[in-house]
Every structure is written in C-alpha cells, then in structure tokens.
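Engineer: pasting a predicted model and its sequence here:
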Protein chains: 2
Amino acid sequence: MSIEQRDRILACACDLYLADGLDGFSMRKLARSLGVTAPALYRHYGSKERVLLDVVGEGYRHLVQYLHGALQGRTPEDRFRMAGERFLDFALEHPRYYEVLFMGVDLVRLEGHEEVADQGCALNQFWSDRLREAMGAGLLELRDPEASGVTLWAHSHGLISLYLKGMLPMSDEEFRKLYRDSNARVLTGLGTRHYADRLAEERAESTPGMGSTTEAVG
Amino acid sequence: MSIEQRDRILACACDLYLADGLDGFSMRKLARSLGVTAPALYRHYGSKERVLLDVVGEGYRHLVQYLHGALQGRTPEDRFRMAGERFLDFALEHPRYYEVLFMGVDLVRLEGHEEVADQGCALNQFWSDRLREAMGAGLLELRDPEASGVTLWAHSHGLISLYLKGMLPMSDEEFRKLYRDSNARVLTGLGTRHYADRLAEERAESTPGMGSTTEAVG
DNA sequence: GTCTATAATCCGATAGAC
DNA sequence: GTCTATCGGATTATAGAC
C-alpha cells in the first residue's frame, strides 16, 4: 500500500498548496489534513521539497493537458495560435500551478529534478514543433525553430509573470487582449523595415558564412 | 537617532540579503550582524517584509543607476540599445536584486507598497521614453510606445527570469548572445510579411476606425 | 525611547519505542 | 508504518531594565 499512500499524500499536498499557496504549505498541515502526524510523512517523502517536486509534476500534467488541446486545431495556424491561447488559459485558471512551475522556489538544485528538467525540455520541444509547423505553412520566416521558440516563450512568460505579480495592473479580460496584441507585435516586429534590414546585416556580419535561414531548411 | 538606526539596519539587511539570499535572510541573523537581538529590530521595522520592502527600494536605486547610464548614449539608437544592454548587465551583475525586484516574494499585498508600484511605473515610463525616441528616429514603427514598451520589457524579463531560474542552461556569455539575438527577432518580427499583413488586417477589424499607427502620430 | 530577556508558537527534521 | 518526544531554528509578542 506504499504507493497508494504516496498518491494520497500527493493529492492532499496539491489541494493544500492550491488552497494556501507556497507560504501556507507545511508538512504539519499536510499531515493534519491526512489525519496523521508529521513524521509519518517522512516514511514516504524524504523532505518537504520532494513533495513540492511532485506537486510540480502534477502542475506539468495539467499544463500538458491544456497544451494538448491545441493539437486539436486542424491547421498549423490553428495549432500555433491555440497553443499560445491555451498557455494563457492555464496561467489564468491555475495561477498557483503556474507560479510553482515557472516562478516558484528553486527545485532545480534538488537531486531527482531531472524529471522537471525533462518536462521543461518537452515544453520547449512542443513550442519548437508548433513553430516548425508554422514555418512550413508560410506563417513564420524560416529560421531556427528552437531559437524562435525561446523568443516567443520568453515573451509570453514575461507578460504572464509580470501580470501575476501585479506589475501590470488590469483585469483578466484586459490582460487577455494585451497578451494577444503583444504576441501580434512580436510576430509583425517592432522595428521599421529599414532598421530590420540593418539588424539583419549586422547579424550576417557577426556570424559570417552561417546565414540564419540555411540552418532551418533541412 | 531613530532614522540613523533604520539606515544602519537597512544597510546590513542589504548586505545580508545579497550574501545569503532570500532563504538565508532572517531577522535573527540581521540582528546578530548588527550586534543586537532580534526583538530590537521591531522597534524600527514592523515586520521582516517591511525590511525587504526597503531592500527592494535599494535594488531599484541600483537599477535606475544602471539604466541612467544608457542616457549617456548620443543618439536615440544608442540610448535604445544601451537601455536593453544595461538592463541585462544589471540582471547578471546583481541577480539577487533582480530576483527580489521582479521574481521575489509578493510585496504588493503589503501596505506601503505604493513606492514599489511607483518605481514600476517609472520603469515603464523609462522604456516608453526610449521607444518614443526610437520611433522619432525612424527605428521603430509608429505605434503606442507604452504598449510596445511592455512587449519589449516582457520579452527581456521573460528571458532573464527563465535564465536565472536555470531553465535556459548555458553560460553567461552564451546567454548574452541569446539575449541580443532574441531582441533582434522581436524587432524584426518572427512572422512572414504575408502573415504580418494578415494580422494587421485582423487588428484593424477588431478596432474599427482606430488604426494602430494613427494614435501615435500626435 | 532603546534595548534585553524570555516565552509562545510555528516550522522541518530525526530518534527510537511500538 | 505510525506514534511520542525532541532538537534546532524561525518569527513574533510581551515584560521590564536602563
């Protein structure tokens, strides 16, 4: 019954974290909600951070579920747009999970965090796939899909984290519009054609013989 | 001598925070480093978070100093580019301050956080000014400078926070290059001309009579 | 007014009996 | 596997000496 107990603990841990947040999360409270004493938990989890690491795992499961919905789109453009929207939906509907996934405590320094790192890579891969598709459909310029994915991911995450921290004071509805508009700006570019051309030249000079388009052709 | 004492505490608090980070920051340690006991601190600061709020203020002072350096640039383009670079410099040279400013604990829910909110607005204003300049110099398309500023700010912050959290595993040197390249992508745009035009059309439809260029002309 | 001493209450984690 | 007991440490509040 060891595994069952672990699952029961994890379920309660998720509830507790979602209800009381990171500050209100303690092993003693968790034990109380399970009807046992704190030391009993250490038979199943080595530390509090180990528990939170599994909570992160649950958060990823939810996020993947959201993003998976974007694959229902019929065209690459649908899937590309929906991916961005579903990511926003996840952040606004599960802000606590979003925080523990992307803004929370450093779980990275914990051994056994490879699972989290893998999930991060999987996420990067997901964006990369959507971009590759969109490039194939003629929506995006042919460039390194991973690099472009990082740009889009960073922009979306930056917006969301600033909003969740209250640094962009507005309503959810207003933020949804801002998110959409800002993503459109990233796609169309902020610079003038003249300036963009000059940046491209500088780029070509800094990496001679490695045109940015050639590497994504294969 | 009440104010002097407060300053002494704040100076030690900054040192302690920069040395031991957020986890290692405690009122006891702070009191020890000052040669007093913990309860004495509560004569000058109502809570630990109040102390951290002042530390945040110090962080802002440093950031403003960095950004102020960008104003030394002679042309709008210089100032525009240097602003982005100085922001990166600050993040990499003072990651602890960057964390407490943009990724740290929620100080927003604290009363007396207006100062922080004001500083956030001032930061937004700074970006807005740089963009306005760059638009005037023909570098950026004429659009709402505040909205474009949020886009650029969010992208830079997203990149930096992902890197500082270890989700973009690479060296500082590599990250500097990624930061530069990704910013260039935001300026040139990720979408094809065809897709960008279509997005502009959708935009015009969703806000009829309010062309995105006209509002920034005045 | 300023500081010390003490204590209450919480936390994470461990040892050892059952 | 679970309990009791306990350690070491944290925040916070109160009482009282100087």
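Structural biologist: Cool, got the structure. This is a predicted model, so every value here is computed, not measured.
Engineer: in stretch A:21-33, which residues are buried?
Structural biologist: Across stretch A:21-33, burial judged by 16 or more other C-beta atoms under 10 Å in any protein chain shown covers A:22, A:25, A:27, A:29, A:30, A:31. Where you see a C-beta, it was placed from the backbone N, CA and C, and this is true even at glycine.
Engineer: again with stretch A:191-202
Structural biologist: Result for stretch A:191-202 [16+ other C-beta under 10 Å]: buried residues A:191, A:192, A:195, A:196, A:199.
Engineer: the buried residues of stretch A:21-33 into TSV, with extra columns for distance to residue B:182?
Structural biologist: TSV is the format used below for the buried residues of stretch A:21-33 (distance: C-beta to C-beta, whole Å):
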residue	distance to residue B:182
A:22	29
A:25	34
A:27	40
A:29	41
A:30	40
A:31	45
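Engineer: tell me the residues on chain A that lie near DNA strand D, please.
Structural biologist: Within chain A, the residues that sit near DNA strand D (C-beta under 7 Å from any atom of the strand) are A:1, A:2, A:5, A:35, A:36, A:37, A:38, A:39, A:40, A:43, A:44.
Engineer: any of these buried? List them.
Structural biologist: Using 16+ other C-beta under 10 Å, the buried ones in those are residue A:44.
Engineer: quick one: which two of the residues of chain A next to DNA strand D are the most distant?
Structural biologist: A:1 and A:38 (19.8 Å; C-beta to C-beta).
Engineer: quick one: which of the residues of chain A next to DNA strand D is nearest residue B:65?
Structural biologist: Among those, and counting by C-beta to C-beta, the member closest to residue B:65 is residue A:38, at 46.7 Å.
Engineer: residue ranges with poor pLDDT in chain A?
Structural biologist: Along chain A, segments meeting pLDDT under 70 span A:1-2, A:105-109, A:111, A:207-218.
Engineer: re earlier: list the ones among the residues of chain A next to DNA strand D that fall in strands.
Structural biologist: The strands, defined by DSSP state E, take in nothing from the residues of chain A next to DNA strand D.
Engineer: one step back: so which of the buried residues of stretch A:191-202 are in helices?
Structural biologist: A:195, A:196, A:199 (DSSP state H).
Engineer: contacting chain B as well, which ones from the residues you listed?
Structural biologist: Here is what survives when those are matched to chain B using C-beta under 8 Å from any C-beta of the partner chain: A:195, A:196, A:199.
Engineer: would you mind giving these as TSV with distance to residue B:150 added?
Structural biologist: TSV is the format used below for these (distance: C-beta to C-beta, whole Å):
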residue	distance to residue B:150
A:195	20
A:196	20
A:199	21
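Engineer: of those, closest to DNA strand D?
Structural biologist: Ranked by distance to DNA strand D (C-beta to the nearest atom of the strand), these are led by residue A:199 at 47.8 Å.
Engineer: surely the closest one touches residue B:188?
Structural biologist: Yes: with contacts counted by C-beta atoms under 8 Å, residue A:199 reaches residue B:188, the gap being 5.8 Å.
Engineer: pull up the overlap in contacts between those two.
Structural biologist: The contact sets of residue A:199 and residue B:188 overlap at residue A:191 (C-beta atoms under 8 Å, 6 or more residues apart in numbering or on different chains).
Engineer: related to what we said a few turns ago, closest one of the ones in helices among the buried residues of stretch A:191-202 to residue B:175?
Structural biologist: Taking those together and measuring to residue B:175 by C-beta to C-beta, the closest member is residue A:199, at 19.3 Å.
Engineer: tell me, how many residues neighbour the closest residue to that closest one other than its chain neighbours?
Structural biologist: Nearest residue to residue A:199, sequence neighbours excluded (C-beta to C-beta, 6 or more residues apart in numbering or on different chains): residue B:184, at 5.0 Å. Neighbour count for residue B:184, taken as other C-beta atoms under 10 Å in any protein chain shown: 18.
Engineer: for residue A:164, what are its contacts?
Structural biologist: Counted by C-beta under 8 Å, 6+ apart, residue A:164 has contacts A:91, A:95, A:98, A:99, A:103.
Engineer: ok, back up a step: how far away is the residue nearest to residue A:199 from residue A:173?
Structural biologist: 33 Å (C-beta to C-beta, to the nearest Å).
Engineer: equivalent analysis for residue A:197, please.
Structural biologist: Distance of residue A:197 to residue A:173, given as C-beta to C-beta: 38 Å.
Engineer: show residues contacting stretch A:12-27.
Structural biologist: Against stretch A:12-27 from outside (C-beta under 8 Å, 6+ apart): A:29-30, A:33-34, A:38, A:41, A:48, A:51-52, A:54-55, A:58, A:96-97, A:99-100, A:104-105.
Engineer: is that stretch positioned near DNA strand C?
Structural biologist: Yes: judged by C-beta under 7 Å from any atom of the strand, stretch A:12-27 and DNA strand C are in contact via A:25, A:26, A:27.
Engineer: pick the one among the buried residues of stretch A:21-33 closest to residue A:136.
Structural biologist: residue A:22 (41.1 Å).
Engineer: so that closest one belongs to a strand, correct?
Structural biologist: No: going by DSSP: H, G, I helix; E, B strand; the rest coil, the assignment for residue A:22 is coil, not a strand.
Engineer: off-centre distance for the helix or strand where residue A:174 lies?
Structural biologist: Element membership for residue A:174 (DSSP states H and E) is helix A:172-188. Its chain's C-alpha centre and that of helix A:172-188 lie 17 Å apart, by C-alpha atoms, centre = their mean, to the nearest Å.
Engineer: returning to that earlier point: export the residues of stretch A:12-27 next to DNA strand C to CSV and tack on secondary structure?
Structural biologist: CSV is the format used below for the residues of stretch A:12-27 next to DNA strand C (three-state DSSP):
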residue, secondary structure
A:25, coil
A:26, coil
A:27, helix
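Engineer: let me have those in CSV, extended by distance to residue A:83.
Structural biologist: Formatted as CSV, the residues of stretch A:12-27 next to DNA strand C follow (distance: C-beta to C-beta, whole Å):
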residue, distance to residue A:83
A:25, 30
A:26, 36
A:27, 37
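Engineer: which one of the residues you listed is nearest residue B:180?
Structural biologist: residue A:25 (39.0 Å).
Engineer: look up phi and psi at the closest one.
Structural biologist: Note on residue A:25: backbone dihedrals following degrees, to the nearest 10 are phi -90, psi 120.
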